[in-house]
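Student: Structural data only, the sequence is not supplied:
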Ligand SMILES: O=C(O)CCC(=O)C(=O)O
Ligand SMILES: [Fe+2]
């Protein structure tokens with residue numbers, strides 16, 4: 001079991017120095033990629049006639065890409081950004097009224113991966129699954145419905161987009177929705193708001209430590225402030241995912257890695273912080289409906305390519321992740337992945 005971090009909450013705005021509890025080894029803040037398009041996470045226009053092959057390349061080599069022409073209206077993105085900023089600007093004691101309970105997943109709290117790291121992260125979060133009404137009422141007793149309406153609008157747009165993206169991603173694997181063993185939209189998708197306060201010593205602070213997401217895929221809106229970085233495996237370099245006006249970042253999660261029988265890489269990513277600007281990200285965590293077991297797609301399995309993973313439900317996988325973190329995938333692996341040099 002990881003050791004539990006005690007007293008996790010900090011009034012970030014009152015800090016003029018980085019406390020030792022939050023001081024990591026120096027962080028490389030000058031990642032490659034800004035000017036070198038060879039090294040950049042791909043940007044894919046969803047109306048591009050070559051969308052399948054572009055997605056396949058991005059998912060194989062990066063486990064992440066940005067999308068444009070996604071159809072989410074700018075006012076829906078602006079709305080959730082403003083609501084998130086309003087929420088995190090409140091005094092800590094107000095936010096703590098909606099604190100995540102020790103065995104819960106929704107509400108206000110520190111990063112859920114915190115127990116796996118010896119140092120704390122320079123961020124706070126708020127998670128919504130279903131309706132945020134209860135937590136919202138605790139924070140804004142007299143006017144909580146504005147927050148619920150904004151979340152609702154965002155959720156509707158994300159449900160539409162996840163369905164479209166799922167079709168395209170399956171197409172990029174040579175499959176269709178009929179090849180999965182689920183039909184209905186997911187009932188367990190989550191919205192996660194992440195807030196990274198201004199930091200007095202960003203070179204030694206970590207916004208969100210390196211991790212992969214336990215999703216099929218994640219849709220991330222980062223507004224116009226950089227901070228998200230993806231690991232480029234072959235050079236072991238952290239590459240910035242630059243904010244592009246109106247674009248959304250798609251990150252391949254562990255369950256899509258399983259569904260693709262290991263062909264698509266789950267993107268290892270992290271968030272860094274800065275000295276001058278607060279940063280907000282809005283993350284939509286998409287997985288299969290509850291009870292559905294995700295397994296390698298039938299068309300990607302044959303005598304030469306045995307299934308690498310056993311079927312697993314989202315909640316089973318989340319349980320493994322909460323216990324084993326970056327070793328969770330190996331817990332559901334039933335067959336060693338082929339040696340890289342021998343892969344077709
Ligand atoms: O804020 C970001 O850019 C990253 C957020 C993230 O990776 C997450 O919430 O899982
Ligand atoms: Fe993530």
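Tutor: Now that the structure is in, tell me what you want to look at. Because the structure is predicted, anything quoted here is derived from the model rather than measured. Numbers count the residues shown, from 1 in each chain. Ligands and ions are numbered 1, 2, ... in the order given.
Student: Residue 142 - how many residues pack around it?
Tutor: Counted with other CB atoms under 10 Å, residues neighbouring residue 142 total 5. (C-beta placed from N, C-alpha, C; glycine too.)
Student: Residue 16 now?
Tutor: 6.
Student: So it sits against residue 200, correct?
Tutor: Yes: between residue 16 and residue 200 there is a contact at 5.8 Å, judged by CB atoms under 8 Å.
Student: Is any residue of the one helix or strand residue 81 maps to near ligand 1?
Tutor: Here residue 81, judged by DSSP states H and E, is contained in helix 74-88. No: judged by CB under 6 Å from any ligand atom, helix 74-88 stays clear of ligand 1, getting no closer than 11.2 Å.
Student: buried set for that helix?
Tutor: Residues 76, 77, 79, 80, 81, 83, 84, 87, 88 are the ones in helix 74-88 that count as buried (16 or more other CB atoms under 10 Å).
Student: is stretch 116-123 up against ligand 1 anywhere?
Tutor: No: no part of stretch 116-123 sits near ligand 1 under the criterion CB under 6 Å from any ligand atom; the closest distance found is 7.6 Å.
Student: Would you format the buried residues of helix 74-88 as TSV with pLDDT included?
Tutor: Below are the buried residues of helix 74-88 laid out as TSV (pLDDT from 0 to 100):
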residue	pLDDT
76	98
77	98
79	97
80	98
81	97
83	97
84	97
87	97
88	97
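Student: Quick check: the farthest pair among those?
Tutor: Spanning the widest gap among the buried residues of helix 74-88 are 76 and 88, at 19.1 Å by CB to CB.
Student: how about the nearest residue to residue 12, chain neighbours excluded?
Tutor: Nearest non-adjacent residue to residue 12, counting by CB to CB, 6 or more residues apart in numbering: residue 197, 3.8 Å away.
Student: residues contacting the one you found?
Tutor: Counting by CB atoms under 8 Å, 6 or more residues apart in numbering, residue 197 makes contact with 12, 13, 88, 122, 123, 124, 273, 278.
Student: now swap in residue 70 and tell me
Tutor: By CB under 8 Å, 6+ apart, the contact set of residue 70 is 46, 161, 164, 247, 248.
Student: Tell me the buried residues in the helix or strand encompassing residue 320?
Tutor: Assigned by DSSP H and E, residue 320 falls within helix 314-324. Buried positions in helix 314-324, judged by neighbour count with 16+ other CB under 10 Å: 314, 317, 318, 320, 321, 322.
Student: ditto for stretch 269-287
Tutor: So for stretch 269-287, counting by 16+ other CB under 10 Å, buried means 269-274, 278-287.
Student: okay, how far is it across it, tip to tip?
Tutor: Start-to-end span of stretch 269-287 (CA to CA, to the nearest Å) is 18 Å.
Student: Is ligand 1 within reach of it?
Tutor: Yes: using CB under 6 Å from any ligand atom, stretch 269-287 reaches ligand 1 at 269, 271, 281, 283.
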